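Participant: Return atomic coordinates for the entry below.
(2 chains)
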2 protein chains.
Amino acid sequence: MEDSERFSRQMEFIVEIDKLKHIERQSALCDGTRQENDSEHSWHIALMAILFSEYANSLDIDLLRVVKMLLIHDLVEIDAGDTFAYDVIGNADKAKRERKAANRIFGILPDDQKEELLSLWEEFESLSTPEARFASALDKLQPLILSFNNKGWSWKKHSVASNQILESKKEMVSGSEDLWEYAKRLIQESIDAGFLIEG
Amino acid sequence: MEDSERFSRQMEFIVEIDKLKHIERQSALCDGTRQENDSEHSWHIALMAILFSEYANSLDIDLLRVVKMLLIHDLVEIDAGDTFAYDVIGNADKAKRERKAANRIFGILPDDQKEELLSLWEEFESLSTPEARFASALDKLQPLILSFNNKGWSWKKHSVASNQILESKKEMVSGSEDLWEYAKRLIQESIDAGFLIEG
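Facilitator: Below is the predicted model of the structure:
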């Protein structure tokens, strides 16, 4: 098999995605020593999906599907870069940049795997299934956990206020009411502790 | 749920495992700019499992089980540290250190999840199932891919020769004959290209 065109494309993809380890996010690690990168974030939320599946709104989600989505959801940022949730200008053409990236990056793979991953990425982006909505809730919750633990490192750096966070996270409720309740509590505790500006 | 003892333990675990992002491995990234950490490595091989499942020796492996194993297999290194495969002294008490770490780290979780993850970790370590053997083959293949791409960064640093690598990787054959054949070819190509000392 190792001489096949199929295997070559799969291996090229595996080497290409190594670049995700260089894509820095706005969130810092729990101890605040440095910023997190996309591959670390993807690993963290994939494991959160496994441990928190009981909190998904839908009780019969396909967990493997959720994990696959989370492992690949940020690959487009290899080309498109990480866009901070509160960056208005960067978010204006985000969808277009990410679509182009998805076509190039998933296009490295053999057609069947390209179709599977592209379809999973679209499902995640469009929140069109219970799996996508749960996956997205985890994607939104994880930086909140980091920020609470590092005492608001990125919130302070970017002067983000609580209402902006509530607004950008509120879609969580469609994937997990339980985790959304927890997120709101964490935001309030962050305000109370002085990690986050109210308003 | 968010006031429950169960959720508190799950959340404590999610915060604890953030430390995996600080555990540096001996392998450098494909571009050789810096060393990889355990969380990045775990993300990479989980995605490899999804794309390479067709190369597992056993055709009916439980892919979710493989992915779970790969996402958690290095968590013990939060306490026990990364032990380089070719470090004789470090490997002498590795099992004991990692067992202690597994008990502490998985012990943070509620009992049912502690049992599940501890059992998955033991399965991976003992290579007792087709899933574990396939997962282990990926764990052994990935640093080889990085090292080939970064022109033998860690092999040169530690003066590792090809026979040591063949010896430490040969168990791959029990999980994937196809990927083991590829690994041997990559080792030969590394010798031919001057990235690795033969012998």
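Participant: use CA for all of it now, contacts and neighbours both
Facilitator: Noted.
Participant: secondary structure element for the closest residue to chain B within chain A?
Facilitator: The nearest approach of chain A to chain B comes at A:Trp43, 4.9 Å away (Cα to the nearest Cα). Here A:Trp43 sits within helix A:38-52, counting by DSSP states H and E.
Participant: Can you check what angle separates that helix from helix B:38-52?
Facilitator: Counting by axes from the mean of the first three to the mean of the last three Cα atoms, to 10 degrees, helix A:38-52 lies at 80 degrees to helix B:38-52.
Participant: Quick check: buried residues in helix A:38-52?
Facilitator: Buried residues in helix A:38-52, counting neighbours by 16 or more other Cα atoms under 10 Å in any protein chain shown, are found at A:38-52.
Participant: Can you read off the backbone torsions of the nearest residue to A:Arg133 once chain neighbours are set aside?
Facilitator: Closest residue to A:Arg133 in three dimensions, ignoring its sequence neighbours and counting by Cα to Cα, 6 or more residues apart in numbering or on different chains: A:Gly175, at 4.2 Å. Main-chain torsions, A:Gly175, degrees, to the nearest 10: phi -100, psi -40.
Participant: can you count the residues close to A:Gly175?
Facilitator: 24 (other Cα atoms under 10 Å in any protein chain shown).
Participant: I figured it hits A:Ser53, correct?
Facilitator: No: look at A:Gly175 against A:Ser53 with Cα atoms under 8 Å: they stay out of range, at 10.6 Å.
Participant: Show me which residues of chain A are close to chain B?
Facilitator: A:1-2, A:10, A:14-15, A:18, A:21, A:29-30, A:39-40, A:42-44, A:46-48, A:50-52, A:63-64, A:68, A:71-72, A:113, A:145-146, A:178-179, A:181-182 (Cα under 8 Å from any Cα of the partner chain).
Participant: Next SSE downstream of the strand or helix carrying A:Ser147?
Facilitator: Taking DSSP H and E as the definition, A:Ser147 sits inside helix A:130-149. Downstream of helix A:130-149, the first helix or strand assigned by DSSP H and E is helix A:153-158.
Participant: So which elements touch that following helix?
Facilitator: With contacts taken as 3 or more Cα pairs under 8 Å, 6 or more residues apart in numbering or on different chains; DSSP states H and E, helix A:153-158 sits against strand A:24-28, helix A:130-149.
Participant: tilt between the last one and helix A:38-52?
Facilitator: Relative orientation of helix A:130-149 and helix A:38-52, computed by the same axes, to 10 degrees: 110 degrees.
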